[in-house]
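J.: sequence-free structure coming up:
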């Protein structure tokens, strides 16, 4: 009898949590090679083509800022050839996922699955949801606006506002310094591979 219980008792589930990236969040943020976006900057009257140059996935064992807390989390890094933004860093977490966008000025923008699930709860950086949003003559539905702010080394207030559309990613990105718009990239054309 003890011999029969031994295999059952020796099978243990791992106690290390594994945080994945929800599929719904990937629809807003994960793009493959072959994807591109053409943006127009209304401040500088210039164009930029942004395309995916690399997409990598890895499962990490511990968070660099919390080495004593063992857990696994998935991370997707997407690199872009662009002056609009050059990297997406998407990380699974205990309650969903988050995304850091590195933009051309070394500022950053963020998107979180928590904001997509409940926009009213995260008003510190999740600023608005637009059921209908018109940009460059095209209509988009359920556009989410996020804002990341900080004071730079010159004590200037800097903000990066991003407008997100499901299955398209960023359709508009606006940089402000001391409340003056310094960049305003808006989407003109795109080809998406997810």
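T.: Cool, the structure landed. All of these numbers come straight from a predicted model, not from anything done at the bench.
J.: setting the sequence-adjacent residues aside, check what's closest to the residue nearest in space to the middle of the chain.
T.: Centroid-nearest residue in the chain, with CA atoms, centre = their mean: residue 99, separated by 3.0 Å. Beyond its immediate neighbours in the sequence, the residue positioned closest to residue 99 (CB to CB, 6 or more residues apart in numbering) is residue 111, lying 4.4 Å away. Backbone N, C-alpha and C define where each C-beta goes, glycine included.
J.: give the buried residues for stretch 138-153.
T.: 140, 143, 144, 145, 146, 147, 148 (16 or more other CB atoms under 10 Å).
J.: return the member of these nearest to residue 178.
T.: Using CB to CB, residue 147 comes nearest to residue 178 of those, at 14.8 Å.
J.: and the closest one, how far from residue 36?
T.: When distances are taken as CB to CB, to the nearest Å, residue 147 and residue 36 turn out to be 26 Å apart.
J.: which residues of this structure fall in helices?
T.: Listed in chain order, the helices of the chain (DSSP state H) span 2-10, 23-29, 113-117.
J.: rank the ones you listed by pLDDT, which is bottom?
T.: Lowest mean pLDDT of the helices of the chain: helix 2-10, a mean of 53.
J.: and the closest residue to residue 58 other than its chain neighbours, what does it touch?
T.: If the residues on either side of it in the chain are set aside, residue 58 comes closest to residue 75, at 5.5 Å by CB to CB, 6+ apart. Under the criterion of CB atoms under 8 Å, 6 or more residues apart in numbering, the contact list for residue 75 reads 57, 58, 59, 60, 89, 90, 91, 92.
J.: of those residues, buried ones?
T.: 90, 91, 92.
J.: closest to residue 170 among those?
T.: Out of the buried ones among the contacts of residue 75, the member with the shortest distance to residue 170 (by CB to CB) is residue 90, at 13.4 Å.
J.: do you know how far the closest one is from residue 25?
T.: Following CB to CB, the distance that separates residue 90 from residue 25 is 8 Å.
J.: any shared contact partners between these two?
T.: Going by CB under 8 Å, 6+ apart, residues that sit against residue 90 and also against residue 25 are 97, 99.
J.: picking that back up, any chance of the contacts of residue 75 in CSV, with pLDDT and distance to residue 158 too?
T.: Supplementary listing: the contacts of residue 75 in CSV, determined by pLDDT from 0 to 100; distance: CB to CB, whole Å:
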residue, pLDDT, distance to residue 158
57, 94, 31
58, 89, 30
59, 88, 33
60, 83, 29
89, 89, 19
90, 90, 23
91, 87, 23
92, 88, 28
